[in-house]
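Colleague: Prediction below, plus the sequence it came from.
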Amino acid sequence: MRKLKPLKICWILFFIPAFSFCQELASNQISYNQKTYSLYPAILTELPEIPSPLTTEDGTEVVIGHTKAGEYILFPVTVENGDFLNYKKYQRGKGRQLEVDSTDFPALAKMGIHDEAALDRVRTITGKSISEITRIGRPMQYSRAGFISADENIISVLKGDNHLIKALNLIHPEMAKPLFHVWNIILEGVKQNVWTSEAMQVDYILYNGRQVYIKWQGGRGWQESIFNDEILGQYHLEMWRELDSSEKKISVRKLSHAYCGRNG
């Protein structure tokens, strides 16, 4: 059975984006309720009176960061498609964040959720066979720890993810968006030649009224993707937050069962 640590379940429960609107003044400023705010790398001494996350009228997405010095940063974190990247040539950027593998998963591309009956008929993903993806996803293959346990294959993992998404009443893009928001914060730091959360002095971000703590640092090398895509992992990223009293009543066992589903 695929096991989940409670921590990994906890932080996603209130990560559903909330949308508000404001008028943008310039590429490095936004205006909200007749107040103007500067975006990163500007440092703000007072908490901006805006929702976090915030979506402006032109579609710019912004998240509030809190520094260890008690100051605030407004990060532009818009999820969007950039150029196709070759990370091995040190190209860095957002890549294709809105792109979905519609060839292998047409239901996912159309509805944001997998058709599990169709998953049973999938034989290749991004041109690689299911057996090959499963093999290289095992421990001591592409990764020492691995991505797929001995009692799983890539299809059972996709089904387990799908069960969890349904149990949370979400679709996959809604789950992915907050992760891209955090990744885009990292990219904003990279633009300023800041490579770690320690160097940026950020300890948490405000997300739908919650303090979500984040910590990241670069790795010593790249982690190859198990698919034929542009992705190469480089960063070690941790995210967590404290549970409130109502969340502590949620059964982690129930969510774990929803995740594992048919994996037994």
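Modeller: Good, I have the coordinates. Numbering: from 1, shown residues only.
Colleague: Does Glu99 lie in a helix or a strand, and which?
Modeller: Here Glu99 sits in a region with no helix or strand, counting by DSSP states H and E.
Colleague: surely it meets Gly82?
Modeller: No: the criterion here is C-beta atoms under 8 Å, and Glu99 misses it with Gly82 at 10.3 Å. From N, CA and C alone the C-beta is placed, and that goes for glycine too.
Colleague: So which residues of the stretch 101-250 of the chain form strands?
Modeller: For the stretch 101-250 of the chain, the strands defined by DSSP state E, counting those that start in this stretch occupy 124-125, 128-129, 202-207, 210-224, 232-240.
Colleague: What residues sit buried inside the longest one?
Modeller: Of the residues in strand 210-224, those buried under the neighbour-count criterion (16 or more other C-beta atoms under 10 Å) are Arg210, Val212, Tyr213, Ile214, Trp216.
Colleague: likewise the last one?
Modeller: Neighbour-count burial for strand 232-240 flags Met239 (criterion: 16+ other C-beta under 10 Å).
Colleague: Tell me what Ile73 is bridged to.
Modeller: For Ile73, the beta-bridge partners are Gly65 (DSSP bridges).
Colleague: Let me see the contact set for it.
Modeller: With contacts defined as C-beta atoms under 8 Å, 6 or more residues apart in numbering, the neighbours of Ile73 are Tyr40, Pro41, Ala42, Ile43, Leu44, Ile64, Gly65, His66, Thr67, Val202.
Colleague: Which pair of the buried residues of strand 210-224 spans the longest distance?
Modeller: Spatial extent of these (C-beta to C-beta) is set by the pair Arg210 and Trp216 at 18.6 Å.
Colleague: Could I get the pLDDT score of the residue most central in space within the chain?
Modeller: Nearest to the centroid of the C-alpha atoms of the chain, with distances taken as C-alpha atoms, centre = their mean, sits Leu179, at 1.5 Å. Per-residue confidence (pLDDT) for Leu179: 95.
Colleague: Next one: it from Ile186, what distance?
Modeller: Leu179 sits 11 Å away from Ile186, going by C-beta to C-beta, to the nearest Å.
Colleague: these two touch, right, Leu74 and Thr36?
Modeller: No: here Leu74 lies out of contact with Thr36, judged by C-beta under 8 Å, at a distance of 11.0 Å.
Colleague: which one of those two has more residues nearby?
Modeller: Between Leu74 and Thr36, Leu74 has the larger neighbour count (other C-beta atoms under 10 Å), namely 23 against 11.
Colleague: Tell me how many other residues surround the spatially closest residue to the more buried one that is not a sequence neighbour.
Modeller: Excluding its sequence neighbours, the residue lying closest to Leu74 (C-beta to C-beta, 6 or more residues apart in numbering) is Leu39, at 4.9 Å. Using other C-beta under 10 Å, the number of residues around Leu39 comes to 19.
Colleague: For Leu39, give me its contacts.
Modeller: Applying C-beta under 8 Å, 6+ apart, we find Leu39 in contact with Asn28, Gln29, Ile30, Val62, Leu74, Phe75, Pro76.
Colleague: Go again with 10 Å.
Modeller: Listed by C-beta atoms under 10 Å, 6 or more residues apart in numbering, the contact partners of Leu39 are 24, 26-30, 60, 62, 73-76, 188.
Colleague: Can you say which of those are buried?
Modeller: Glu24, Ile30, Thr60, Val62, Ile73, Leu74, Phe75, Pro76, Glu188.
Colleague: State the distance from the residue nearest to the centre of the chain to Ile136.
Modeller: In terms of C-beta to C-beta, Leu179 sits 23 Å off from Ile136.
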